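Colleague: Based on what follows, work out the 3D shape:
(chains A, B, C, D, E and F)
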6 protein chains.
Amino acid sequence: MELTHLDAAGRARMVAVEEKPETLREAAAFGAVRVRPETLRLIAAGDMPKGDVLAVARVAGIMAAKETPRLVPLCHPVRLTSVAVDFMLNEAASRVEITARVKAMDRTGAEMEALTAVAVAALTLYDMVKAVDREAVIQEIRLEYKAGGKSGVYRRGGA
Amino acid sequence: MELTHLDAAGRARMVAVEEKPETLREAAAFGAVRVRPETLRLIAAGDMPKGDVLAVARVAGIMAAKETPRLVPLCHPVRLTSVAVDFMLNEAASRVEITARVKAMDRTGAEMEALTAVAVAALTLYDMVKAVDREAVIQEIRLEYKAGGKSGVYRRGGA
Amino acid sequence: MELTHLDAAGRARMVAVEEKPETLREAAAFGAVRVRPETLRLIAAGDMPKGDVLAVARVAGIMAAKETPRLVPLCHPVRLTSVAVDFMLNEAASRVEITARVKAMDRTGAEMEALTAVAVAALTLYDMVKAVDREAVIQEIRLEYKAGGKSGVYRRGGA
Amino acid sequence: MELTHLDAAGRARMVAVEEKPETLREAAAFGAVRVRPETLRLIAAGDMPKGDVLAVARVAGIMAAKETPRLVPLCHPVRLTSVAVDFMLNEAASRVEITARVKAMDRTGAEMEALTAVAVAALTLYDMVKAVDREAVIQEIRLEYKAGGKSGVYRRGGA
Amino acid sequence: MELTHLDAAGRARMVAVEEKPETLREAAAFGAVRVRPETLRLIAAGDMPKGDVLAVARVAGIMAAKETPRLVPLCHPVRLTSVAVDFMLNEAASRVEITARVKAMDRTGAEMEALTAVAVAALTLYDMVKAVDREAVIQEIRLEYKAGGKSGVYRRGGA
Amino acid sequence: MELTHLDAAGRARMVAVEEKPETLREAAAFGAVRVRPETLRLIAAGDMPKGDVLAVARVAGIMAAKETPRLVPLCHPVRLTSVAVDFMLNEAASRVEITARVKAMDRTGAEMEALTAVAVAALTLYDMVKAVDREAVIQEIRLEYKAGGKSGVYRRGGA
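Modeller: Got it, this is the predicted structure:
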């Protein structure tokens, strides 16, 4: 087994995908920002009528999905066809849970786009709470679901 | 207590910093990518003489620090004066640990730059191992240290 | 009737277009920068042999068309196949009139690319005249023509 | 009188500002998106509790202010210290009115940043309503206020 | 014979390619950075086990290939499917030789992507050696090979 | 002697400049695009009254100067205060000669900005002539002049 992004001499490269067919690719990623209960209440309050907290993080995540090939050096440009970013305020765990779902028509998967959307939405939330909660932590950014390539459907935990 | 990035009506804004003095700002952030032991060995091997794995992730992190105000909507442009990104292969925890340290001469802190460097370095590592390890998870992106603003020195855990 | 860019809960998203066929999309947009007659003469003079005024604005408009998905948060990346930006010095109205025409092969329309090209060409003209004409105003940025999607051909004014 | 962005031979350049002192610069710009009354009601509804319409346009405007030197070819990079974008739904005129206010500590003014924020917020609103209102028009993007350079305070209309 | 990027009136434009078929496009470009022999030894040393010199330049070149349409005003966005950048330390000529190979599935060629990768890899090498070798010069950036369009295969020197 | 952009372990970093004073930095760079005599005549013709050839390359160079820290991984963001790009059609050598002059107020030099402006102006010229002259070559991109840092004034050839 070897890392696909290195050639035989260990040199980084953008992996060749020109031989692959263009198919519908889907991916979903998850992440969370753990905050203090007091901060979670501020986020909830800041998202009340006309409050922008989660909308700002959502826009940041959607835009970041489009920036993925400019951030992650060996990623291909991918033709995204849909992106959605959602949040759930989990009071029990005192954290904001983030899910990004993306679709693309391309020769390579879109999981990096989903993960990047989650990471940047999390950074944006962190930015907005950092003045009141320096202990905030971004947690568990991971792939949840992937479909559309030759490797078939992947679902975390085999669920 | 309220979120500084929202005005009284809950509208997002870039916080006014023009009244603050320009001082040296420092920040350090931490994060990790948990992988399978087998993957950690591949990363170590892929970074052997002339292998590029960690160098690619390092460059991605450094470049991402410079992209922070373009990714995180309410961040100010910051005058970075130094950026370093380092990795430690933690075999016991089977993860790559990432630290970013940044300095800037500006009116606002540079913690988002450090955190963004860590997040994008982590995404880049994920991208390089994802073909061999879909269970990889980005963990615990957090501020470790901050100095230079009126709020004084911060060190996680009060250490 | 409802806004397509919001889901049922009012959350912004990038609209799903993966089911749409890839077809040739065309769009033309119009806009104008109203200036003082004296300024219009300077622009005409500044575009005389080897003068760069309109060329700079044209390049800015063409490049901005390519930046559209990075500026307009919910826009899809679109495969542009041609972009042209033209100017007409309208002395009667004392304004520079701008037209952008774009074509793309994609699943979604290219009107935002045409409008963005016009807007940035207009901002660029404004930038070049602002030292001599602070009263300059960008006027009437609007779609003129659109073809290629399932909604058929659109022409402003039914012309 | 001549255009400052052209040299004596008519060649475009970024104007030299190194001799100018760094001072606080302020600018405010205005623009509007004229829509059908029915569309204005959808925008108002789309911005009800948890609706994201205006928040998306606001974020787009704030981010675009930071992109100004990358869009307008001869603009200097400017150190923005605050940016705010606001909307007013003007039912009488059936349009969304946009105001952007920016501040910067720099050697050159920030009016292009304010105007660019307005233009991109307007394009973003247009993008969200275009499926229901093709006749929407972006109107009257103009400078309202400017302070901080050697040319003193400017206020449109001499008000 | 005329320049394809200008219309009949001499105005710049992005050339229309919508009528062309989408095919596999390949291009290879070459360039070099001439340095002092002492500098070449430092580069070789700086790339010893775990040294990052060439890896940094390689990543910069790969990322620049993706930035081409944002740098070169009249370039189309191109769907890159693979990018590789390699270096050869030529002691006889006292220079680092750079080769970039790219592939794309598109309606237009990818030679600008290969040339841009070489140019930015060269600038990056220059940046890393400039403190020790101000006489470094970037030399002979040129197309070596091109295939996939209607003009057939091109190989420099007819080789 | 060692490469300043690598730490003692050979790891790339953005060099720390926070201790340096902010001073006026100047740099000039040179480069050329060698073309066939016939192509040089087309460029001259394409730049006749209202022709855009050199204006497009000039704008591309100026904009690229501002993009330098996003292209060259270890470059600091620099506060550019002026940028000019000029061309000379050298018939004897059958090439277009490019000069870029930049100034900045910063803690680090601006030579990479000048070199990047030249490189991208050269790539843009290449792009415009490539359909008629595949043998075009970008030649001799080099620093001509540098002033403002502690290392004093540099002038190529000691001139």
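Colleague: thought A:Lys66 was touching A:Leu80?
Modeller: Yes: counting by Cβ atoms under 8 Å, A:Lys66 touches A:Leu80, with 6.4 Å between them. Every C-beta, even on glycine, is put in place using the N, C-alpha and C of the backbone.
Colleague: Now the common contact residues for those two.
Modeller: In terms of Cβ atoms under 8 Å, 6 or more residues apart in numbering or on different chains, A:Lys66 and A:Leu80 are both contacted by the residues A:Glu113, C:Pro77.
Colleague: What part of chain A, helix or strand, is modelled with the least confidence?
Modeller: helix A:37-46 (a mean of 88; mean pLDDT, DSSP states H and E).
Colleague: Could you check that one against chain B for contacts?
Modeller: Yes: with Cβ under 8 Å from any Cβ of the partner chain as the criterion, chain B is reached by helix A:37-46 at A:Glu38, A:Leu42, A:Ile43, A:Gly46.
Colleague: Closest to B:Gly10 out of these?
Modeller: A:Gly46 (6.2 Å; Cβ to Cβ).
Colleague: so who does the residue lying closest to the closest one once chain neighbours are set aside touch?
Modeller: Once flanking residues are discounted, A:Gly46 sits nearest to A:Val53: 3.9 Å by Cβ to Cβ, 6 or more residues apart in numbering or on different chains. Contacts for A:Val53 (Cβ under 8 Å, 6+ apart) come out as A:Ile43, A:Gly46, A:Asp47, A:Leu125, A:Met128, B:Leu3, B:Leu6, B:Gly10, B:Ala12.
Colleague: ok, how many other residues are close to A:Ala8?
Modeller: 6 (other Cβ atoms under 10 Å in any protein chain shown).
Colleague: Got phi/psi on it?
Modeller: phi -60, psi -20 (degrees, to the nearest 10).
Colleague: mind checking how far it is from chain E?
Modeller: A:Ala8 sits 12 Å away from chain E, going by Cβ to the nearest Cβ, to the nearest Å.
Colleague: can you pull out the strands in chain A?
Modeller: Remark: strands assigned in chain A by DSSP state E are A:23-34, A:80-90, A:95-106, A:137-147, A:154-155.
Colleague: before we move on, the earlier item: which pair in the contacts of A:Val53 spans the largest distance?
Modeller: Across the contacts of A:Val53 (Cβ to Cβ), the longest gap, 15.5 Å, separates A:Leu125 and B:Gly10.
Colleague: Compare these two and say which is more crowded by neighbours.
Modeller: Higher neighbour count among A:Leu125 and B:Gly10: A:Leu125, with 29 against 18, using other Cβ under 10 Å.
Colleague: Hmm, A:Val96 and the more buried one touching each other?
Modeller: Yes: with contact defined as Cβ under 8 Å, A:Leu125 reaches A:Val96; the gap is 5.8 Å.
Colleague: Name the residues contacting each of those two.
Modeller: With Cβ under 8 Å, 6+ apart, A:Leu125 and A:Val96 have common neighbours A:Val33, A:Ile43.
Colleague: In chain A, where is pLDDT below threshold?
Modeller: Applying pLDDT under 70 to chain A flags residues A:1, A:47-51, A:158-159.
Colleague: Please repeat the previous calculation with a cut-off of 90.
Modeller: By pLDDT under 90, the low-scoring segments of chain A are A:1-12, A:42, A:44-53, A:132, A:134, A:149-152, A:157-159.
Colleague: quick one: stretch A:91-108 near chain B?
Modeller: No: counting by Cβ under 8 Å from any Cβ, chain B has no neighbours in stretch A:91-108; the shortest distance is 10.7 Å.
Colleague: Is there contact, residue-wise, from that stretch to chain E?
Modeller: Yes: Stretch A:91-108 reaches chain E (Cβ under 8 Å from any Cβ) through A:Arg107.
Colleague: Show me which residues of that stretch are buried.
Modeller: Residues A:94-108 are the ones in stretch A:91-108 that count as buried (16 or more other Cβ atoms under 10 Å in any protein chain shown).
Colleague: What parts of chain A come near chain C?
Modeller: Going by Cβ under 8 Å from any Cβ, the residues of chain A near chain C are A:24, A:55, A:58-59, A:62-63, A:65-67, A:77, A:79-86, A:103-105.
Colleague: ok, and of those, which contact chain D?
Modeller: A:Ala55, A:Arg58, A:Val59, A:Met63.
Colleague: does A:Leu54 really touch A:Phe87, like I thought?
Modeller: Yes: taking Cβ under 8 Å as the definition, A:Leu54 is a contact partner of A:Phe87 at 5.0 Å.
Colleague: how many other residues sit next to the closest residue to chain F within chain A?
Modeller: Closest approach between chain A and chain F, counting by Cβ to the nearest Cβ: A:Arg70, at 8.7 Å. Other residues lying near A:Arg70 total 21 when counted by other Cβ under 10 Å.
Colleague: got a list of what it touches?
Modeller: Neighbours of A:Arg70 in contact, by Cβ under 8 Å, 6+ apart: B:Glu67, E:Met63, E:Lys66, E:Glu67.
Colleague: Run through the residues of chain A sitting next to chain E.
Modeller: Checking chain A against chain E by Cβ under 8 Å from any Cβ, the hits are A:7, A:11-18, A:69-70, A:73-74, A:76-77, A:79, A:107.
Colleague: Return the members of those classed as buried.
Modeller: Buried among these (16+ other Cβ under 10 Å): A:11-15, A:17, A:69-70, A:73-74, A:76-77, A:79, A:107.
Colleague: Which pair of those spans the longest distance?
Modeller: A:Arg11 and A:Arg79, at 27.4 Å, using Cβ to Cβ across those.
Colleague: one step back: can you lay out the contacts of A:Arg70 as a markdown table showing neighbour count and distance to C:Glu113?
Modeller: Shown next, in a markdown table, are the contacts of A:Arg70 (neighbours: other Cβ atoms under 10 Å in any protein chain shown; distance: Cβ to Cβ, whole Å):
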| residue | neighbour count | distance to C:Glu113 |
| --- | --- | --- |
| B:Glu67 | 18 | 23 |
| E:Met63 | 29 | 24 |
| E:Lys66 | 23 | 19 |
| E:Glu67 | 18 | 19 |
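Colleague: Most widely separated two among the residues you listed?
Modeller: B:Glu67 and E:Lys66 (13.9 Å).
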